[in-house]
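Student: Pasted the sequence and its predicted model underneath.
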Amino acid sequence: MNRIKFVLLGLVSAGIIGYACKKEPIDSKLFVERYLVGTAKWPIQSYVRLTLKNNDTLVKDTAALDTVIFNSDLKFIKGTTAVGFTIDDTGKNITFNTQPDSTWQIAYLRTASFKLIHERKETVGSDVMTYKIEQVLKK
C-alpha cells in the first residue's frame, strides 16, 4: 500500500512540475520592451538559415555567432551596425527599420533567452520557396 501512495505522489508531483514549466504566451508590448531593451548584451547562441522548396530542405546553413544589444533608444546594435526597431502592440513581432522592413516573430521569451524567427515565402512557377532564419539569443 505504501508503494502505491509513493508512486501516486510521484506522478502528481511530476504533473505539477510539468504544468509549472509550460511556455507562457507573450502578453504585451510593454513586457517585451522592458525585457529586451537596455544595456544588456544578448549573445546569439544559435543562428540557422534554411531554404526550403515545397517543404523539402535545400540549404541549411549556420552563421558565425555574435552579440547584439537592444538599447533604450530603440536601436538594435550588432557589431558596428545600428538600426531602429519597433515592437508591435501584441508584443509578438519586432520590425527592424531596414530597406525593405524586416519583421521577426518572437517564438518564445524566457527569463534568460528568447527565439526570433523570420520567414518569407515566394512562388516560383509551381514551386513554393520558403526562406527562414531562426536565432536563439541567450544572456
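Tutor: Perfect, thanks for sending it.
Student: use CA for all of it now, contacts and neighbours both
Tutor: Fine.
Student: now the helices for the chain?
Tutor: If DSSP state H is used as the criterion, the helices of the chain fall at 2-20, 29-36.
Student: Return the alpha-carbon coordinates of the last one using CSV.
Tutor: C-alpha atoms of helix 29-36 as CSV (Å, rounded to 0.1, in the frame of the first residue of the first chain):
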residue,chain,number,x,y,z
LYS,A,29,4.5,45.2,-25.9
LEU,A,30,5.4,46.8,-22.6
PHE,A,31,6.6,43.5,-21.1
VAL,A,32,8.7,42.7,-24.2
GLU,A,33,10.3,46.2,-24.2
ARG,A,34,11.2,46.0,-20.5
TYR,A,35,12.7,42.6,-21.0
LEU,A,36,14.7,43.2,-24.2
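Student: ok, residues contacting that helix?
Tutor: Ile26, Phe70, Ile87, Asp88, Asp89, Thr90, Gly91, Lys92 (Cα atoms under 8 Å, 6 or more residues apart in numbering).
Student: One more pass at 6 Å, please.
Tutor: By Cα atoms under 6 Å, 6 or more residues apart in numbering, the residues outside helix 29-36 that reach it are Asp89, Thr90, Gly91.
Student: This completes my enquiry, with thanks.
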